[in-house]
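*Asks:* give me a model of this one.
(one chain, ligands or ions: 1)
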Amino acid sequence: MSPILQARAVTYGRTDRRAFPFMRRKSSPILKEISLDLSAGQTLGIIGASGSGKSTLCRILSGLVAPDEGQVLYQGQDLATAPAQIRKRIRPAIQMIFQDPYGALDPRQTVRDIVGEPLDPAPNRDARILAALAEVGLSADMADRYPRAFSGGQRQRIAIARALITRPSVIIADEAVSALDVSTQAIVLNLLLDMQKRHGLSYVFVSHDLAVIRHLSHHIAVLDRGRIVESGPASEVLNAPTHAVTRALLENTY
Ligand SMILES: Nc1ncnc2c1ncn2[C@@H]1O[C@H](COP(=O)(O)OP(=O)(O)OP(=O)(O)O)[C@@H](O)[C@H]1O
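*Replies:* Modelled structure (predicted):
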């Protein structure tokens, strides 16, 4: 099966010495020659120490930021250079969910406006908003309330409803459950698994919590100082790690 999303030799954050002639030492890029594949309907877990480049990689894979070198391909189309018409079709197909359920939602907008934002303007807008809320277990009467009326777990459901409303194929989740307590984490993770089964969604899932990664991932890539140092099927990487960095990450968690 051909991958739905691919990174091909992605390098990002290389300091341009023409712009910074005073820099004597060439600084190291944030991401170096990253290549990875995300298969349709599967989850790629990304693990790595703090500062290893996970969030930067998420922004690049989602198309929010273009790589300095290399390519990100969605169904074989380069996110940066595909014709405008194709890029317009790809944009709603890749959505992101962020860590902070408190900061990610505009406190001045109602849930209806937040969830409907990616749709504007669209036919059946209201019906689609209510359907997206229902899918994440939120009722129609919640649509006119503001984020402050909701718990962290409910806010993350609102963020998931917003991500789902464009009927994406790929969701990139950057520490999406890290701010939630353990029981709320389990509810949100099961919701994401259920969505994957129902819609054949593909996930890139970043977490420092290896139990979460183990629960969700089919494949895992290990990031260290901007490079992928190990990748493979989740069971192999987690049960028989070959790289010292992976072993250290596993030892620190358990
Ligand atoms: N806007 C920026 N400008 C300059 N450097 C940045 C910027 N954003 C990130 N960095 C640097 O890039 C590196 C990777 O950061 P990134 O946030 O992607 O790592 P991370 O693995 O997600 O870390 P964490 O787990 O702590 O969130 C870090 O060294 C960071 O200082």
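*Asks:* I'd say Gly153 and Ile187 touch.
*Replies:* Yes - with contact defined as CB atoms under 8 Å, Gly153 reaches Ile187; the gap is 6.1 Å. (Glycine included, C-beta is placed from N, CA and C.)
*Asks:* who's more crowded, those two?
*Replies:* Gly153 (21 against 15; other CB atoms under 10 Å).
*Asks:* could you find the closest non-adjacent residue to that one?
*Replies:* The shortest distance from Gly153 to any non-neighbouring residue, by CB to CB, 6 or more residues apart in numbering, is to Thr184 (3.6 Å).
*Asks:* what of Gln75?
*Replies:* Ile4 (6.2 Å).
*Asks:* before we move on, the earlier item: A helix includes the residue nearest to Gly153, no?
*Replies:* Yes - with DSSP: H, G, I helix; E, B strand; the rest coil as the criterion, Thr184 is part of a helix.
*Asks:* and stretch 210-225 with the ligand, contact?
*Replies:* No - using CB under 6 Å from any ligand atom, we find that stretch 210-225 stays clear of the ligand, coming within 6.7 Å at best.
*Asks:* buried residues, that stretch. List them.
*Replies:* 210, 212-225 (16 or more other CB atoms under 10 Å).
*Asks:* counting only strands, which of the residues you listed make the cut?
*Replies:* His219, Ile220, Ala221, Val222, Leu223, Asp224 (DSSP state E).
*Asks:* I figured the residue nearest to Gly153 hits Arg157, correct?
*Replies:* No - contact criterion CB under 8 Å: Thr184 and Arg157 do not qualify, at 9.7 Å.
*Asks:* now do the same for the residue nearest to Gln75: its pLDDT.
*Replies:* Reading off the confidence values, Ile4 has pLDDT 97.
*Asks:* only C-alpha atoms, please: export stretch 171-179 in PDB.
*Replies:* This file holds the C-alpha atoms of stretch 171-179, laid out as PDB (Å, rounded to 0.1, in the frame of the first residue of the first chain):
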ATOM      1  CA  ILE A 171      -4.600  14.000  11.700                       C
ATOM      2  CA  ILE A 172      -1.300  15.200  13.200                       C
ATOM      3  CA  ALA A 173      -1.600  15.200  17.000                       C
ATOM      4  CA  ASP A 174       1.200  17.000  18.900                       C
ATOM      5  CA  GLU A 175       1.000  15.900  22.600                       C
ATOM      6  CA  ALA A 176      -2.800  16.000  22.200                       C
ATOM      7  CA  VAL A 177      -3.600  14.200  25.500                       C
ATOM      8  CA  SER A 178      -0.600  15.300  27.600                       C
ATOM      9  CA  ALA A 179      -2.500  18.100  29.400                       C
END
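*Asks:* now that stretch: average pLDDT?
*Replies:* 90.
*Asks:* that one and the ligand in contact?
*Replies:* No - judged by CB under 6 Å from any ligand atom, stretch 171-179 makes no contact with the ligand; its nearest approach is 7.0 Å.
*Asks:* same question, stretch 84-101
*Replies:* No - applying CB under 6 Å from any ligand atom, one finds that stretch 84-101 is not in contact with the ligand, the shortest distance being 8.2 Å.
*Asks:* I'd like the mean pLDDT over that stretch, please.
*Replies:* Rounded mean pLDDT across stretch 84-101 is 89.
*Asks:* contacts for it?
*Replies:* 5, 58, 61-64, 74-75, 77, 79, 82, 104, 118, 152-153, 155-156, 158-160, 162-164, 166-176, 178-180 (CB atoms under 8 Å, 6 or more residues apart in numbering).
*Asks:* cool, and stretch 205-220?
*Replies:* Contacts of stretch 205-220 (CB under 8 Å, 6+ apart): 39, 42-47, 50, 54-55, 57-58, 173-178, 185, 189, 192-193, 203, 231-234, 237-238, 249-250, 253-254.
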